[in-house]
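Q: Make a model of this:
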Amino acid sequence: MVNFTILAGGFDIAGTLPFIATYLFNSDAGTLDVVGQFSTGGNCSWISSGLTNRSILYAVNEVSPEGALQSFTVTPDGFLSPAIDTISSGGDRPAYTTALSTGQIGVMDYNSGTGRIIPLSEDGLSFDDSAPSAGIITFPIPTAPTSEGVSHPHMILELGQEVLVPDLGGDTIWRLTQEETGNWTITGSIPQPPGSGPRHIAVNDENLYTVHELASTLTLQRIPAFPNGTSEIIANVSVIPPDPPAGAAYAASEILIPEPTTQFPIPFIYVSNRNIGIPDASGKGDAIAIFQHVHGGATDEGLELVTHVFTGLQQIRGMEIGREENGGNEFLIAAGVEGEGGTVVYRRVDGGRGLEEVARNLDVPTRSTFVWL
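A: Residues are numbered from 1 along each chain as shown. Prediction:
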């Protein structure tokens, strides 16, 4: 018997107080059970673990007009403490947070085009509101006719000495670095296709992969030289599943590229789709698209679609692959933010080329973010 504990945040559900749910997944029995619900601030739409200490959990409160960031302690069996500390995100509807190797934590505000990178206490549980680096970062308002006319920072990815922030409204990926004063500033950018809406990114082997929400595409390019080098888009492919239902309107969301292992030697790329239009009446739900980066460095280098896996979920915003050190990387968990499809765990099969459903739980109808303990 192999048990995995998984935390799941999400948007508030009518008639209930805001909460993070704890699931127990038994991979041998194929069961997924809710074993706890723990109070949080409103709309804990994104959660993440401490960088080196998995007994620490951070959660955004994606609310208006001013969002927040909270810290918690968590036991190995997924029991969450009351909030240890809470700090303003500095803006409207923060949608992402992650701890950095610098002893700081970043949080990005989707609606207000702002963000903060806040120092943490030595134990990682308290936020330093007074430090110079905790100041609000304001991203430029885009003026291109193809843009939305507002900045929408949607993620943070630490890469060496810089932090990358995809801006869905600005069709660019900002490059941030920390000055000697402690302040974080925009040093450069990586422009993206006009009107594409870059949402989430991943880096693997000097390659930058970007999921574009507005275009529902996945792109591949080399990481440009710092700070303002350029690199061409090597591949730009649709992630929309075949034969979409009438009235469907897709918005790509999450990207996962797990590290290669002996069991999974090829770093397949998993991308979630969200049909934000009319749901599929057949019950197939939204799909997870699986891609492979092929012919690296050759003239025919590109991204090849392996398959679409239909999930029965509606609007898959968040999904996560388990940890390699405890064997969890064999599994992927996903949920939708609409409907009543619940939460589902898949086993990666055929070296990661496919997904096979193992367990589904309908007790909590929607979730948007996961952490494997």
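Q: Run through who's touching stretch 197-204.
A: 148, 152, 154-155, 157, 159, 164, 166-169, 171-173, 192, 208-215, 223, 252-257, 267, 269, 293 (Cβ atoms under 8 Å, 6 or more residues apart in numbering). The C-beta positions use only the backbone N, C-alpha and C, and glycine is treated the same way.
Q: same thing but at 7 Å, please
A: By Cβ atoms under 7 Å, 6 or more residues apart in numbering, the list of residues contacting stretch 197-204 from outside reads 154-155, 157, 159, 164, 166-168, 171, 173, 192, 208-215, 223, 252-255, 257, 267.
Q: Same question for stretch 18-35.
A: Taking Cβ under 7 Å, 6+ apart as the rule, stretch 18-35 contacts 1-9, 12, 36-44, 47, 59, 78, 80, 331, 343, 345, 358-361, 363-364, 367.
Q: Mark which of those are buried, thanks.
A: 4-9, 12, 36-38, 40-44, 47, 59, 78, 80, 331, 343, 345, 358-361, 364, 367 (16 or more other Cβ atoms under 10 Å).
Q: From the geometric centre of this protein, which residue sits farthest away?
A: Each residue of the chain has a distance to the centre, and by Cα atoms, centre = their mean the biggest one is for residue 299: 31.4 Å.
Q: check which helix or strand covers that residue.
A: Take DSSP states H and E as the rule and residue 299 turns out to sit in neither a helix nor a strand.
Q: cool, and residue 22?
A: Per DSSP H and E, residue 22 falls inside strand 19-26.
Q: ok, that strand: who's next to it in the sheet?
A: Strand 19-26 has its sheet partners listed here by DSSP bridges as strand 3-9 (antiparallel), strand 31-39 (antiparallel).
Q: which one of the ones you listed lies closest to residue 183?
A: strand 3-9 (29.8 Å; Cβ to Cβ).
Q: before we move on, the earlier item: export the strands paired with strand 19-26 to CSV and tack on mean pLDDT and distance to residue 66?
A: Output for the strands paired with strand 19-26, formatted as CSV (pLDDT from 0 to 100; distance: least, Cβ to Cβ, whole Å):
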stretch, mean pLDDT, distance to residue 66
strand 3-9, 97, 19
strand 31-39, 98, 20
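Q: Could you dump these into a markdown table with distance to residue 68 added?
A: Listed next are the strands paired with strand 19-26 as a markdown table, based on distance: least, Cβ to Cβ, whole Å:
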| stretch | distance to residue 68 |
| --- | --- |
| strand 3-9 | 13 |
| strand 31-39 | 14 |
